[in-house]
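Student: quick one: sequence plus predicted model below, questions after.
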Amino acid sequence: MSTWRRPGARRPARRQPSGRSSAARSRKRRQAYTGTETLVGVVILVGLVSALLDWLAAHPWVVPLTLLFAAVGAFFWFRPRVLEARQQQVRTRALRYPMEHLDRLEHRQFEYAVRDLMLRDGCTDAVQVGGAGDNGADVKATDPFGRRWVIQCKHRRAGLAGAGVGTQDLQVLNGTGRPVHKGDVVVLVTNGRFTKPAADFARSQRLHLVDRHTLATWAGGSRPLWELLRQVPPPRRPTPLS
C-alpha cells in the first residue's frame, strides 16, 4: 500500500545518529575489546605459570642448582668490591697531607682534601658541597659522636704570606652555619692565617678556626680534628668510650 505524497513535497530526511551517541558506542567497543585482551592475557599467564610449576615438579633439581649458580655469581661479583672497599678504608686511614702539597692545590681541590681528612677521621658521610649557592659551607660531615660539622675553606696560594682571612668571611659562615646547615661545630679552615679581628669575632660567636699550624698537625698526623680544637660541643650520642 503506497502512501500518497503531495507532488513536489520533499521526502522526510532520515535522522542521523548524534555524534555523542556514536562516541559512546565507540568507547563501549574499546572497553569491551580491552577487557577481552586482559582476560586472554590472564588466561595465558595462568597457563604459563601452571606449565612452569608442572615442569619444576618433574625436575626438582633445577631450583637448588639455580640457587647455587646465583650464590656463586653473587660471591664473585661482590668479592672484588668488598676487597676494594677495605683497601680504600686502609688508604683513607693512612692519609697524610704535607703542607707543601696543600699549598699547591686549587681552591676546589683544597675543599676535597679537607673532606678526605674528615673521612679519614671516621666521618663516613663527609661530602664536599662548595660551589655556587653553597651558603657558606664547603664541607659537611657527621663525626662518630653524632655531631654535625659545617666547614668553610679558604685557600691561600702564598700560605702565611697571603692575605689573612678576615671578619667578613666569618660573618657569612656565622649567619648560615647553624641556622641554615644545622651545624653543631662550625669551622673555617685555611692554609694561611686569620686577622686578629677575625679571631676575636670567632671567639665571641663560638666559631672554630683552623689556621696553618693546626692544619699542618691535622693533615700530617692521625689525630682527628675534634682533638685539636678547644671547646668542641659534647657528643650527641653515647659511644664505647663515653
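Tutor: Received it, and whenever you're ready, just let me know what you need. Remember, it's a predicted structure, so these values are computed and weren't measured experimentally.

Student: what sits against Thr190?
Tutor: Residues counted as contacts of Thr190 (CB atoms under 8 Å, 6 or more residues apart in numbering) are 153-156, 165, 210-212, 215. Where C-beta positions appear, they are placed from N, C-alpha and C, glycine not excepted.

Student: for this protein, what spans make up the helices?
Tutor: 19-58, 62-93, 99-104, 107-120, 167-176, 196-204, 212-220 (DSSP state H).

Student: most tightly surrounded among these?
Tutor: Among the helices of the chain, ranked by average contacts under mean count of other CB atoms under 10 Å, first place goes to helix 107-120 (a mean of 20).

Student: that one: how far from the chain's middle?
Tutor: In terms of CA atoms, centre = their mean, to the nearest Å, the centre of helix 107-120 is found 18 Å from the chain centre.

Student: before we move on, what about stretch 40-49?
Tutor: Computed by CA atoms, centre = their mean, the separation of stretch 40-49 from the middle of its chain amounts to 42 Å.

Student: same check on stretch 119-136?
Tutor: The answer for stretch 119-136 is 12 Å, by CA atoms, centre = their mean.

Student: what's the average pLDDT for it?
Tutor: Stretch 119-136 shows a mean pLDDT of 89.

Student: got the domain boundaries for the chain?
Tutor: Annotated domains of the chain cover 24-91, 98-227 [automatic domain parsing].

Student: any chance of the ones you listed in JSON lines, with distance to Pro234 too?
Tutor: Output for the domains of the chain, formatted as JSON lines (distance: least, CB to CB, whole Å):
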{"stretch": "domain 24-91", "distance to Pro234": "27"}
{"stretch": "domain 98-227", "distance to Pro234": "8"}
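
Student: among the contacts of Thr190, which one sits closest to Leu229?
Tutor: Of all the contacts of Thr190, Leu229 sits closest to Val210, with 7.6 Å by CB to CB.
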